[in-house]
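J.: model the following, please.
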Amino acid sequence: MATMSNSASKILQAEFKKLQQQPVEGFKIALEDDSDIFKWKVGLYGPPDTLYAGGYFRAIIKFPQDYPYSPPTFKFTTKMFHSNIYENGEVCISILHSPVNDPQSGELPSERWNPTQTVRTILLSVISLLNEPNTYSPANVDASVMYRRWKNSKGTDKEYEEIIRKQVLESRKDAEKEGVQVPMTVSEYCIKTRLPSKDSSASNDITDIFFDEDDDFGMNDDYEYEDNDDSESDNDDYGDDDSGAHDEN
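T.: Numbering: from 1, shown residues only. The predicted structure follows:
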């Protein structure tokens with residue numbers, strides 16, 4: 001067990017270092033305790049042109065001693081009202097489920113965790129989940145029903161939207177306390193020099209998730225990137241990491 005733990009520690013150290021060098025847009029990461037590589041704290045910025053725009057949502061990722069053979073847990077510490085987030089903040093998403101064959105779950109083993117997954121794919125999956133909730137196997141039934149009603153009404157039913165906006169405003173209080181500047185525009189949120197090219201193997205980054213004009217919950221794909229070599233280096237409690245996500249519950 002000690003050997004497995006040592007191996008997991010080395011893998012996590014390498015992943016943490018890589019995420020500092022090549023951040024995921026919309027995220028900030030740091031260690032909860034510098035002496036514990038198995039517990040990371042995360043700051044997620046709400047993507048522009050979504051209901052979560054302007055929000056700052058905090059979470060904790062806990063890794064098992066046999067990582068990457070078993071999945072970590074991702075738990076929001078900021079209050080979240082979402083179809084695939086439990087009342088205690090834990091995210092329910094396929095990629096974080098152990099790779100067992102469970103026909104009752106409605107998930108294929110291939111949709112679940114496997115040792116080739118990384119923290120980067122988890123972050124991309126979580127940001128995608130905010131954009132496209134899985135309402136067919138919800139962790140929060142009330143949120144699921146309300147989201148579907150809001151979407152079917154084309155936004156005329158405001159109850160769901162008002163709840164999310166209220167949580168966004170609450171989350172900004174934490175950002176202010178920590179001195180965190182929340183990106184409010186697409187140009188502030190997306191940094192071209194930190195995104196892989198569209199034809200690279202990592203092309204499932206933030207541009208693929210939100211730049212879809214047919215998605216009434218995402219961004220407008222008319223936006224044209226500008227180079228931003230003078231991007232701020234953030235020195236708050238969540239380190240200097242930003243980013244985006246993809247996956248279903």
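
J.: there's contact between Ile164 and Leu51 in this structure, I believe.
T.: Yes - taking contacts as Cβ atoms under 8 Å, Ile164 lies within contact range of Leu51: 4.4 Å. Every C-beta, even on glycine, is put in place using the N, C-alpha and C of the backbone.

J.: C-alpha coordinates for the helix or strand hosting Thr121, CSV please?
T.: Assessed by DSSP states H and E, Thr121 sits inside helix 119-131. Taking Å, rounded to 0.1, in the frame of the first residue of the first chain, the C-alpha atoms of helix 119-131 are listed here in CSV:
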residue,chain,number,x,y,z
VAL,A,119,-7.2,16.1,-13.3
ARG,A,120,-7.4,18.1,-16.5
THR,A,121,-10.1,15.9,-17.9
ILE,A,122,-12.0,16.1,-14.6
LEU,A,123,-11.9,19.9,-14.7
LEU,A,124,-13.1,20.0,-18.3
SER,A,125,-15.9,17.6,-17.4
VAL,A,126,-17.1,19.7,-14.4
ILE,A,127,-17.2,22.9,-16.4
SER,A,128,-19.1,21.0,-19.2
LEU,A,129,-21.5,19.7,-16.6
LEU,A,130,-22.5,23.2,-15.6
ASN,A,131,-23.3,24.0,-19.2
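
J.: which strands or helices does it pack on?
T.: helix 2-21, strand 27-33, strand 36-45, strand 56-62, helix 206-210 (3 or more Cβ pairs under 8 Å, 6 or more residues apart in numbering; DSSP states H and E).

J.: now the ones you listed in TSV, with mean neighbour count, mean pLDDT and distance to Ser83?
T.: Output for those, formatted as TSV (neighbours: other Cβ atoms under 10 Å; pLDDT from 0 to 100; distance: least, Cβ to Cβ, whole Å):
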stretch	mean neighbour count	mean pLDDT	distance to Ser83
helix 2-21	14	91	27
strand 27-33	19	94	21
strand 36-45	21	96	17
strand 56-62	21	98	15
helix 206-210	23	43	17
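
J.: what's the closest of these to Ile85?
T.: Evaluated with Cβ to Cβ, the helices and strands packed on helix 119-131 place strand 56-62 nearest to Ile85, the distance being 9.9 Å.

J.: for that closest one, C-alpha coordinates in PDB please.
T.: The C-alpha coordinates for strand 56-62 follow below in PDB (Å, rounded to 0.1, in the frame of the first residue of the first chain):
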ATOM      1  CA  TYR A  56     -16.500  32.200  -8.300                       C
ATOM      2  CA  PHE A  57     -17.100  28.600  -7.100                       C
ATOM      3  CA  ARG A  58     -14.800  26.800  -4.700                       C
ATOM      4  CA  ALA A  59     -14.300  23.100  -4.400                       C
ATOM      5  CA  ILE A  60     -12.100  20.400  -3.000                       C
ATOM      6  CA  ILE A  61     -10.600  17.400  -4.900                       C
ATOM      7  CA  LYS A  62      -9.600  14.500  -2.800                       C
END
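
J.: tell me how far it lies from the chain's centre.
T.: Relative to its parent chain, strand 56-62 has a centroid offset of 9 Å by Cα atoms, centre = their mean, to the nearest Å.

J.: likewise for stretch 169-181?
T.: So, by Cα atoms, centre = their mean, the centroid of stretch 169-181 is 18 Å from its chain's centroid.

J.: what stretches of this protein score poorly on pLDDT?
T.: By pLDDT under 70, the low-scoring segments of the chain are 1, 100-110, 191-249.

J.: what about the helices in it?
T.: Taking DSSP state H to define them, one finds helices in the chain at 2-21, 119-131, 141-152, 159-178, 186-189, 206-210.
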